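Engineer: Sequence first, then the predicted structure, then my questions.
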Amino acid sequence: MKKHLLFTLIGAVVLFFWLFMSFAMPNFHKASQSYTPLQDSLLMAMEKSGLPEGMYVLGQPDPAFMNDEAKCAEEMKKFEGKPWAVLNYQMNNSYAMGMNMVRGFFTCAIISWLLFWLMGQMKERSLKNDILLSLAIGFISFCFVPYTNFIWFKNPDILAHLLDGIGPWLILGWVGNKLSA
């Protein structure tokens with residue numbers, strides 16, 4: 001149990017630090033966080049419009065037309081080849097990160113605990129198997145959300161997400177093997 005708790009702590013630190021590096025410095029995800037000098041006028045227009053807080057796909061037919069196949073097809077043609085956007089509109093910006101960081105660290109700890117438990121379930125433990133299991137989990141996590149979103153929404157930081165699905169998981173596979181020895 002001591003090894004499991006130690007791996008949980010080390011794994012949480014590795015994952016948390018990796019995510020910090022990935023989104024802060026050197027910020028592998030900067031392609032999806034671009035600045036536009038139009039931000040003030042865009043934000044002001046959204047605020048003035050009364051748009052409720054939420055996430056929107058702009059450039060799609062009104063869902064009210066979905067029950068009428070002909071009308072829906074007609075509406076979809078209007079948007080073909082035209083600009084579109086994904087908008088995540090939040091009413092209040094906050095740079096208070098304390099609780100977010102605590103929740104993030106505990107999530108990384110839970111993930112690490114589960115990974116070490118999975119490693120312990122293997123019949124044949126070896127460095128190769130521990131690393132392959134860990135990489136498989138990282139690759140599954142990459143494919144399930146970031147890559148499937150990329151297929152539809154063309155997220156510009158897809159390679160950074162791939163790196164996030166390989167880098168820390170390779171480290172955790174190695175650490176898990178060393179702690180189980």
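Structural biologist: Everything's here; your move. Numbering: from 1, shown residues only.
Engineer: okay, the spatially most central residue of the chain: pLDDT?
Structural biologist: Nearest to the mean C-alpha position of the chain, by Cα atoms, centre = their mean, lies residue 146 at 5.9 Å. Predicted confidence (pLDDT) for residue 146: 94.
Engineer: Summarise which helices and strands the worst-scoring helix or strand of the chain on mean pLDDT is packed against.
Structural biologist: One helix or strand of the chain scores below all others by mean pLDDT, DSSP states H and E: helix 69-79, with a mean of 84. For helix 69-79, there is no helix or strand it packs on, judged by 3 or more Cβ pairs under 8 Å, 6 or more residues apart in numbering; DSSP states H and E. Every residue, glycine included, has its C-beta placed from N, CA and C.
Engineer: Which residues does it contact?
Structural biologist: With Cβ atoms under 8 Å, 6 or more residues apart in numbering as the test, helix 69-79 has contacts from 59-62, 65-66.
Engineer: Centre of this protein to the edge, which residue is at the far end?
Structural biologist: residue 70 (36.6 Å).
Engineer: Return the distance of that residue relative to residue 180.
Structural biologist: Look at residue 70 and residue 180: by Cβ to Cβ, to the nearest Å, they are 62 Å apart.
Engineer: ditto for residue 148
Structural biologist: Distance of residue 148 to residue 180, given as Cβ to Cβ: 33 Å.
Engineer: Which one's more surrounded, the two?
Structural biologist: Higher neighbour count among residue 148 and residue 180: residue 180, with 17 against 11, using other Cβ atoms under 10 Å.
Engineer: thinking the more buried one is in contact with residue 130, fair?
Structural biologist: Yes. Between residue 180 and residue 130 a contact is recorded at 7.4 Å, counting by Cβ atoms under 8 Å.
Engineer: Now for these two: what residues contact both?
Structural biologist: Common neighbours of residue 180 and residue 130 (criterion: Cβ under 8 Å, 6+ apart): residue 119.
Engineer: Give me the phi and psi for residue 53.
Structural biologist: phi -60, psi 140 (degrees, to the nearest 10).
Engineer: ok, it - contacts?
Structural biologist: Applying Cβ under 8 Å, 6+ apart, one finds that residue 53 lies in contact with 89-91.
Engineer: Once you drop chain neighbours, what's closest to it?
Structural biologist: Counting by Cβ to Cβ, 6 or more residues apart in numbering, residue 53 lies nearest to residue 91, which is 4.8 Å off, once chain neighbours are set aside.
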